[in-house]
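Student: give me coordinates for this.
(chains A and B)
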Protein chains: 2
Amino acid sequence: MPVYADPTDGLAVPVPLLRTWTAGLLGTVGTPADIAADVADVLVASDRRGIASHGTARLPNYIALVEAGVLDPAARPVRDGGRTALVRFDARNGWGHHASRVAVDWAIEAVADVGAATAVVHNSNHYGIAGWYAMRAAERGLIGISLSNTSPLVAPTRARTAMIGTNPIAIAAPAGRHGSFSLDMATSTVPRGRIEVAARRGEALPVGWAIDADGRPALTPEAALAGALHPLGGEEGTAGYKGYGLGLAVDMLTGVLGGAAFGPNVIGLFSTEAPSDLGQTFIVIDPVAIDEPGAFQARLEGYLDQLVAAPLAPGAPGPVLVPGAPEAAAESRSDDHGVVIDAVHAAGLRKLGERLGLPFPDPTTA
Amino acid sequence: MPVYADPTDGLAVPVPLLRTWTAGLLGTVGTPADIAADVADVLVASDRRGIASHGTARLPNYIALVEAGVLDPAARPVRDGGRTALVRFDARNGWGHHASRVAVDWAIEAVADVGAATAVVHNSNHYGIAGWYAMRAAERGLIGISLSNTSPLVAPTRARTAMIGTNPIAIAAPAGRHGSFSLDMATSTVPRGRIEVAARRGEALPVGWAIDADGRPALTPEAALAGALHPLGGEEGTAGYKGYGLGLAVDMLTGVLGGAAFGPNVIGLFSTEAPSDLGQTFIVIDPVAIDEPGAFQARLEGYLDQLVAAPLAPGAPGPVLVPGAPEAAAESRSDDHGVVIDAVHAAGLRKLGERLGLPFPDPTTA
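Tutor: Reported below is the predicted structural model:
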């Protein structure tokens, strides 16, 4: 996920304040406290990690889903089938964050017996950053994989129109002194939010990010926003079909496997026309099932040591990065100095708080 | 995997003839018949599917490993740890194809009880095309995932030197009238073999395929062969760090998890200096554990129907493809008309057959 630079004129909000207010706000629209805590944890984690596009800035959209009656804020997931190492949960059209937290926790508990476990969620909603669920496993010494399908924004290789989501893949594992290895990536070259940032900045786009409404390379953000994203790899000549295949595989392992919506049948992002019926899948693996405790982490730590010490290409903007390291650095900054939110983000939260009777606190006086 | 066009002046070898001779040849260097049958199946499957780079053309390299004493042709894998849904196999430095077939078959059997199962192989050797093992699951109505680490050929984003393998990801599933969905991809933009083809053809390279020995974009095949491959996505600006992260994740789920070699510590492709100690991982998921029989296939079939009917971008060389469809078409041609091998490939097999006392049969008189 792209880590955006903190806005220079932003408002620094202490993490506990943001989390408590977010959970409270979700309560005002009928979310039970334990479910609201899960949703707030995931959204604030996104803000803390510098992924402003997926955090509390989306609260107005989420609340709109509840108020339109297309997301049930009080629904609790139920297990509806499976065997000892593969189960399905019906999210019953509740909060995706909560159903997914329940599902990954099931897998985290199950691996003690079975070694590796997979939980599939259907009838779900957006679950925030994919990485949160993978890292939840990594924090317990396990390997976590988190997948979700999403609204169609990506054109398959050769196609002119968007038919597949940006379907993220997140993989995390404990990595000793490197903290976690935490890959969290959309299977498009860039997320749609990155195009919107380019539009605000008046940037031209490189070939490989997107196509226009006619299916030709989009060289301006405006053309791209009227068209579709390229899968990872870009055009066919630079292996965009691999990103297309990966995005399709994620859909197959989530929506198709779980019996949720998939591909072009998923409704638009935060559309209030109907429930989303998204699918999410979590795979958790316990390295200790096949090796001595600590052995896996030690090997991964040593590998990452080798990578960050690699000789650099000319013009490299910095050392080789461990996946997730920029996000971890942002998280540390946020926990020390607060989450820095921009003026539009702050205004959105204030407006929401006023309307729902839970004013957004002024961090300078809190 | 790139499907190469059949050579126009090639030799058509009937599939049963090629398989029988290959298995026999492996027997001459001490491979028990059942193990030789597995290796021959996988190598000939690659040839049948048009992936000439990974099939019987590599027999001279494989035999050299046996003759150098760095691959034990008679070794049988042993299970050395695990729980009901995650086990590890020690390939004991035998044929990677056989150990991997045993491992994926364990997972295929295990899912009847547990729903999803993972097998990790260490102390292994090259296993041919990753897709073979995933398709073995798909042929039984299951979802199969096959991963392997390989010799370092890919430079991490920002690095000047190769430190990670082209570490393939293969995912297959049954897809009704579409046969199988079968994604089988290196996590580099292109495999090294594609650069070698460009060298033979005198082609220039696009930015995003490779870097030269100094870490700059390689614009000729010669520069690329002296340098390193780019991960999928190419340069940092087109999200090459995602391909880097995926390649690293594959290594983490195979070599690092299994306790095999990983990253820059893996020896060169077909080096006879020491055993390879590669790692492979197989994840098998039974959709019937969470849904009615046939329901998953029917959904996937419908999804693929939608994709192949998508409106096309200008200049598209053909319809949107289902991953694995070009390979399946090549397989059908091979089964009807024989595997067409080029003159260098044929000469290599003839020379090997003569030396080992099992002459390569003349298909025109066989």
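
Student: only C-alpha atoms for contact and neighbour calcs from this point on.
Tutor: Fine.

Student: where does pLDDT dip in chain A?
Tutor: For chain A, applying pLDDT under 70 flags the ranges A:1-2, A:365-366.

Student: chain A: strands as residue ranges?
Tutor: A:11-13, A:78-83, A:86-90, A:116-124, A:143-148, A:169-174, A:180-185, A:210-211, A:228-229, A:278-285, A:339-341 (DSSP state E).

Student: so which of those is nearest residue B:247?
Tutor: strand A:180-185 (10.8 Å; C-alpha to C-alpha).

Student: partners of the closest one, with directions?
Tutor: When sheet partners are counted by DSSP bridges, strand A:180-185 sits next to strand A:169-174 (antiparallel).

Student: picking up where we left off before, which of the strands of chain A is buried the deepest?
Tutor: strand A:210-211 (a mean of 33; mean count of other C-alpha atoms under 10 Å in any protein chain shown).

Student: surely residue A:150 is in contact with residue A:163?
Tutor: No: contact status for residue A:150 versus residue A:163: not in contact, 10.5 Å apart, counting by C-alpha atoms under 8 Å.

Student: neighbour count: those two, which is higher?
Tutor: residue A:150 (32 against 24; other C-alpha atoms under 10 Å in any protein chain shown).

Student: how close does that one get to chain B?
Tutor: 15 Å (C-alpha to the nearest C-alpha, to the nearest Å).

Student: and the residue nearest to that residue when sequence neighbours are not counted, its phi and psi?
Tutor: Nearest residue to residue A:150 in three dimensions, chain neighbours excluded: residue A:165, at 4.6 Å (C-alpha to C-alpha, 6 or more residues apart in numbering or on different chains). Dihedral angles of residue A:165 (phi, psi; degrees, to the nearest 10) stand at phi -70, psi 180.

Student: what number of residues lie near the spatially closest residue to residue A:236 that is not a sequence neighbour?
Tutor: Spatial nearest neighbour of residue A:236, chain neighbours left out: residue A:157 (6.3 Å); criterion: C-alpha to C-alpha, 6+ apart. Around residue A:157 there are 26 other residues, counting by other C-alpha under 10 Å.

Student: shouldn't residue A:157 be in contact with residue A:232?
Tutor: No: counting by C-alpha under 8 Å, residue A:157 does not reach residue A:232; the two are 10.3 Å apart.

Student: overlap in contacts, these two.
Tutor: Residues touching both residue A:157 and residue A:232 by C-alpha atoms under 8 Å, 6 or more residues apart in numbering or on different chains: A:240, A:244.

Student: now do the contacts for the spatially most central residue of chain A.
Tutor: By C-alpha atoms, centre = their mean, the mean C-alpha position of chain A lies nearest to residue A:129, the distance being 1.9 Å. By C-alpha under 8 Å, 6+ apart, residue A:129 lies in contact with A:42-43, A:46, A:54, A:184.

Student: roughly how far apart are the residue lying closest to residue A:139 once chain neighbours are set aside and residue A:137?
Tutor: Counting by C-alpha to C-alpha, 6+ apart, the nearest residue to residue A:139 once its immediate chain neighbours are dropped is residue A:174, at 6.6 Å. Taking C-alpha to C-alpha, to the nearest Å as the measure, residue A:174 falls 9 Å from residue A:137.

Student: anything in contact with each of those two?
Tutor: residue A:143.

Student: and residue A:8, how many neighbours?
Tutor: Residue A:8, neighbours per other C-alpha under 10 Å, totals 9.

Student: wait, residue A:334 touches residue A:340, no?
Tutor: Yes: Residue A:334 is in contact with residue A:340 according to C-alpha under 8 Å; the separation is 7.4 Å.

Student: what's the spacing between the nearest residue to residue A:230 once chain neighbours are set aside and chain B?
Tutor: Excluding its sequence neighbours, the residue lying closest to residue A:230 (C-alpha to C-alpha, 6+ apart) is residue A:210, at 4.7 Å. Plainly put, residue A:210 is 11 Å away from chain B if you go by C-alpha to the nearest C-alpha.

Student: so what's residue A:210 bridging to?
Tutor: Here residue A:210, judged by DSSP bridges, has bridge partners residue A:229.

Student: what's the distance between it and residue B:284?
Tutor: 34 Å.

Student: next one: residue A:265
Tutor: From residue A:265 over to residue B:284 (counting by C-alpha to C-alpha), the distance is 27 Å.

Student: just the helices in the stretch 1-150 of chain A please.
Tutor: A:15-28, A:33-48, A:59-67, A:96-114, A:131-138 (DSSP state H, counting those that start in this stretch).

Student: I'd like those helices laid out as TSV, including mean neighbour count.
Tutor: Shown next, in TSV, are those (neighbours: other C-alpha atoms under 10 Å in any protein chain shown):
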stretch	mean neighbour count
helix A:15-28	20
helix A:33-48	23
helix A:59-67	18
helix A:96-114	24
helix A:131-138	26
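
Student: residue B:304: which of the ones you listed is closest?
Tutor: helix A:96-114 (26.3 Å).

Student: is that closest one anywhere near chain B?
Tutor: Yes: judged by C-alpha under 8 Å from any C-alpha of the partner chain, helix A:96-114 comes into contact with chain B at A:113-114.

Student: and the contacts of that helix?
Tutor: Contacts for helix A:96-114 (C-alpha under 8 Å, 6+ apart): A:35, A:38-39, A:42, A:76-77, A:84-85, A:89, A:91, A:116-121, A:124-128, A:133, A:137, A:142, A:280, A:282-286, B:83-86.

Student: hmm, back to that, isn't the residue nearest to residue A:139 right up against residue A:143?
Tutor: Yes: assessed by C-alpha under 8 Å, residue A:174 is found in contact with residue A:143 at 7.3 Å.

Student: how about the residues of the stretch 101-250 of chain A near chain B?
Tutor: A:113-118, A:156-161, A:163, A:171, A:183, A:185, A:189-190, A:206, A:208-209, A:214-216, A:232-234, A:238-239, A:242, A:245-246, A:249.

Student: try 7 Å this time
Tutor: Proximity of the stretch 101-250 of chain A to chain B, by C-alpha under 7 Å from any C-alpha of the partner chain, involves residues A:113-118, A:156-161, A:183, A:185, A:189, A:208, A:214-216, A:232-233, A:238-239, A:242, A:245.

Student: out of the strands of chain A, which gets nearest to residue A:359?
Tutor: Comparing these by C-alpha to C-alpha, strand A:11-13 comes nearest, at 14.1 Å.

Student: that closest one - contacts with which helices or strands?
Tutor: Packing partners of strand A:11-13 (3 or more C-alpha pairs under 7 Å, 6 or more residues apart in numbering or on different chains; DSSP states H and E): strand A:339-341.

Student: can you list the strands that the strand it packs on pairs with?
Tutor: Sheet pairing for strand A:339-341, using DSSP bridges, gives strand A:11-13 (antiparallel).

Student: can you list contacts of the partner strand?
Tutor: A:337-342, A:363 (C-alpha atoms under 7 Å, 6 or more residues apart in numbering or on different chains).

Student: now these in a markdown table, please, with extra columns for distance to residue A:194.
Tutor: Shown next, in a markdown table, are the contacts of strand A:11-13 (distance: C-alpha to C-alpha, whole Å):
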| residue | distance to residue A:194 |
| --- | --- |
| A:337 | 25 |
| A:338 | 24 |
| A:339 | 20 |
| A:340 | 19 |
| A:341 | 17 |
| A:342 | 16 |
| A:363 | 29 |
